[in-house]
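Undergrad: Pasting the sequence and the predicted coordinates here, then a few questions.
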Amino acid sequence: MAEEILYGQGMPTVVEPNMPLVDNLVEDMRYKGQLLARETKLSSGVISTVSIGFAIGFILAVVMMLGPFAFVGGM
């Protein structure tokens, strides 16, 4: 079944770490962090310009609706 652990039997050995696994985990965390940072920058930029974009769009819509009446002359 399970191996029995014997204590006091010589010098302990150092186990080599699995570096490719650690490197892959670090790269994955770095990639996800960069994605999160980019998304945060994009959403904060969009949120900061929403009011200006809405105002410009509203003014253009009003001009496009009332513009033909200005050219016709009110008939």
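TA: Perfect, I can see it now.
Undergrad: in this structure, which segments are predicted with low confidence?
TA: Residues of the chain that meet the criterion pLDDT under 70 lie in 1-2, 73-75.
Undergrad: go again using 90 as the cut-off
TA: Filtered on pLDDT under 90, the chain yields the residue ranges 1-22, 46, 48, 66-75.
Undergrad: can you tell me how far Met65 sits from Ser43?
TA: Using C-beta to C-beta, to the nearest Å, Met65 is found at 32 Å from Ser43. For glycine as for every other residue, the C-beta is placed from the backbone atoms N, C-alpha and C.
Undergrad: Leu6 now?
TA: When Leu6 is compared with Ser43 (using C-beta to C-beta), they lie 58 Å apart.
Undergrad: Comparing the two, which shows the higher neighbour count?
TA: The neighbour comparison of Leu6 against Ser43 (other C-beta atoms under 10 Å) goes to Ser43, with 10 against 7.
Undergrad: quick one: which helix or strand includes the more buried one?
TA: Here Ser43 sits within helix 19-72, counting by DSSP states H and E.
Undergrad: That helix packs against which elements?
TA: The contact analysis (3 or more C-beta pairs under 8 Å, 6 or more residues apart in numbering; DSSP states H and E) places helix 19-72 against no helix or strand.
Undergrad: Just checking the distance from that helix to the centre of its chain.
TA: Chain-centre distance of helix 19-72: 12 Å, with C-alpha atoms, centre = their mean, to the nearest Å.
Undergrad: neighbours of Val62, just the number please.
TA: With other C-beta under 10 Å as criterion, Val62 counts 10.
Undergrad: That one: what's it in contact with?
TA: With contacts taken as C-beta atoms under 8 Å, 6 or more residues apart in numbering, Val62 has no neighbouring residues.
Undergrad: Could you shift the numbering so residue one becomes 4, and keep it that way?
TA: Understood, numbering begins at 4; the last thing we discussed is Val65.
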